[in-house]
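A.B. asks: What would the 3D arrangement of this be:
(one chain, ligands or ions: 1)
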Amino acid sequence: MKLGMIGLGRMACTLRAPSREDCRSRRQKGQTHMKADELVKTAQEIVAGHKGLLAMDESTPTCNKRFARLGIPQDEESRRAYRELLVTTPCLGQFISSAILFDETIRQSTSDGKAFVKVLTGAGIIPGIKVDIGAKELAIHPGEKVTEGLDGLRERLVEYAGLGARFAKWRGVIAVDDRRPSRGCIEANAQALARYAALCQEGGLVPIVEPEVLMAGDHTLQRCSEVTEEVLRTVFIHLFAQGVIPEAMILKPNMVLPGTACSRQETVEQVADATVKCLLRAVPAAVPGVAFLSGGQSGEMASARLNAMNVRFKSRLPWALTFSFARAIQQPALEIWRGVQSNVSAAQKALLHRAQCDAAARCGEYDAALERGDQEIAPRGERPSQGRVS
Ligand code: 13P
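C.D. replies: A predicted model of the protein is given here:
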């Protein structure tokens, strides 16, 4: 009896002529589904094949700090010239699917007037944008930070999408010692990441969700593993609560590592095992890709550890394991360039070399021969270790 009444109720509802409100909400639902399909496709494109991401989204103070160490002038023109070097690197699109830009950079152009966004898309690289405005002191939690930038974010996302960005990035920072992180710090950062991610998806941009457990300190690998697992679990609880579509996002976590000052430094294989174990426990299978930050590791170490994960686990993982490095991919190029125009070509070769090594690592095909440059750069579309040097 009750069931029949429900059925009748439903039929009555179906037969009623749709109101303007119904039509509007159906149209909106249709648009949302269309957007969701596009977001899922973009997320898959970002982590497809053998490629990874180039993070070149250092804020102005961070970029200036890195320039200062090498005696490079800390002004807008130097930052523009350096980013021009990066985006015009020949063949970069063979190994890099996407590049994360900073607010200043997404508005800049090459010296001959071509917008960086156009240069990137012309090279087959998807442009994205860092949208957080940095980590600030968390109230009543000495030594802990929460990332800010939610105010006005909806409007900023509209502008960035208009400038050509197809994805965005937000980084939360978690420090580790005997007492930290506090539950308050983990919750605050996870909630901000989830609210940012929801705004991105609403605005048609794929969110790259970056909760970074820092390497600084003397904590053990085991401690990093416990903290990273708690952080990731909390982040996904908040992402779920905010309705974020897991298929339409990328996770950008730290690898599970002992602190830089820890007396015991595990092997590449032990790091690979601990990292994958942690991800398997905390990251839903629906997420298409995990793109690691490098966090201050050397380029070689970051490639070797990513490679070990793919060698040991690739065939058994639900998500792609790739890279989204800044320092580990850019540092040799920056050190060669040093602000000198005649060094541009050598610096671009160094950037491409690291990109090639990282692309090999995401396939589990990285080795010492590649690091020495004995192997050649593959033509577009081929696997990185099967091709020829250019
Ligand atoms: P690193 O690879 O240098 O850690 O930078 C990645 C990044 O995007 C930081 O937000």
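A.B. asks: all strands for the protein, in order.
C.D. replies: 52-55, 96-101, 126-130, 135-137, 145-147, 167-174, 206-213, 250-251, 289-292, 320-325 (DSSP state E).
A.B. asks: Kindly compare burial across those and name the winner.
C.D. replies: Ranked by mean neighbour count, the strands of the chain are led by strand 52-55 with a mean of 29 (mean count of other CB atoms under 10 Å). All C-beta atoms are positioned from the backbone trio N, CA, C, and that covers glycine.
A.B. asks: Just the C-alphas of that strand, formatted as PDB.
C.D. replies: What follows is strand 52-55, C-alpha atoms only, in PDB (Å, rounded to 0.1, in the frame of the first residue of the first chain):
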ATOM      1  CA  GLY A  52      54.400  14.600 -15.500                       C
ATOM      2  CA  LEU A  53      54.000  18.200 -14.400                       C
ATOM      3  CA  LEU A  54      56.500  21.000 -14.300                       C
ATOM      4  CA  ALA A  55      55.800  23.100 -11.100                       C
END
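A.B. asks: That one pairs with which strands, parallel or anti?
C.D. replies: Strands adjacent to strand 52-55 in the sheet, as given by DSSP bridges, are strand 96-101 (parallel), strand 320-325 (parallel).
A.B. asks: residues in contact with Leu295?
C.D. replies: If you look again at residue 295, you'll see it is Gly, not Leu. Each residue near Gly295 by CB atoms under 8 Å, 6 or more residues apart in numbering is listed here: Glu212, Leu214, Met215, Asn254, Met255, Leu257.
A.B. asks: How much space separates it from the ligand?
C.D. replies: Gly295 sits 4 Å away from the ligand, going by CB to the nearest ligand atom, to the nearest Å.
A.B. asks: Please report the distance of that residue from Lys145.
C.D. replies: From Gly295 over to Lys145 the distance is 15 Å, taken as CB to CB, to the nearest Å.
A.B. asks: Nearest to the ligand, out of the strands paired with strand 52-55?
C.D. replies: Closest to the ligand of those is strand 320-325 (CB to the nearest ligand atom; 4.2 Å).
A.B. asks: Report the inter-axis angle for that closest one versus strand 126-130.
C.D. replies: When axes from the mean of the first three to the mean of the last three CA atoms, to 10 degrees is applied, the directions of strand 320-325 and strand 126-130 differ by 60 degrees.
A.B. asks: got a list of contacts for strand 320-325?
C.D. replies: Outside strand 320-325, the residues within contact range by CB under 8 Å, 6+ apart are 47-48, 51-55, 100, 208, 250, 252, 276, 288-294, 299, 302, 306, 309-310, 313-314, 329, 354, 358, 361-362.
A.B. asks: quick one on the thing from earlier: and the strands of the chain as JSON lines, adding distance to the ligand and mean pLDDT?
C.D. replies: Listed next are the strands of the chain as JSON lines, based on distance: least, CB to the nearest ligand atom, whole Å; pLDDT from 0 to 100:
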{"stretch": "strand 52-55", "distance to the ligand": "4", "mean pLDDT": "98"}
{"stretch": "strand 96-101", "distance to the ligand": "6", "mean pLDDT": "99"}
{"stretch": "strand 126-130", "distance to the ligand": "7", "mean pLDDT": "99"}
{"stretch": "strand 135-137", "distance to the ligand": "10", "mean pLDDT": "98"}
{"stretch": "strand 145-147", "distance to the ligand": "10", "mean pLDDT": "98"}
{"stretch": "strand 167-174", "distance to the ligand": "4", "mean pLDDT": "98"}
{"stretch": "strand 206-213", "distance to the ligand": "6", "mean pLDDT": "98"}
{"stretch": "strand 250-251", "distance to the ligand": "12", "mean pLDDT": "99"}
{"stretch": "strand 289-292", "distance to the ligand": "8", "mean pLDDT": "99"}
{"stretch": "strand 320-325", "distance to the ligand": "4", "mean pLDDT": "98"}
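A.B. asks: Of all these, which one comes closest to Glu38?
C.D. replies: Proximity to Glu38 (CB to CB) singles out strand 206-213 among the strands of the chain, at 9.2 Å.
A.B. asks: So which elements touch that closest one?
C.D. replies: Counting contacts by 3 or more CB pairs under 8 Å, 6 or more residues apart in numbering; DSSP states H and E, strand 206-213 packs against helix 20-46, strand 167-174, helix 183-202, helix 221-241, strand 250-251.
A.B. asks: Among the strands paired with strand 52-55, which comes closest to Glu84?
C.D. replies: Nearest to Glu84, of these and by CB to CB, is strand 96-101 at 12.3 Å.
A.B. asks: contacts for that closest one?
C.D. replies: By CB under 8 Å, 6+ apart, the list of residues contacting strand 96-101 reads 45-49, 51-57, 83, 86-87, 116-117, 120, 125-130, 165, 167, 169, 208, 324, 355.
A.B. asks: And for stretch 113-124?
C.D. replies: In contact with stretch 113-124 (CB under 8 Å, 6+ apart) are residues 83-84, 87-88, 92-93, 99, 101, 105-106, 108-110, 126-127, 163-165, 380.
A.B. asks: Select only the buried ones of those in PyMOL?
C.D. replies: Burial among the contacts of stretch 113-124 is assessed by 16 or more other CB atoms under 10 Å; the matching PyMOL selection reads:
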select buried, resi 83+84+87+88+92+93+99+101+105+106+108+110+126+127+164+165
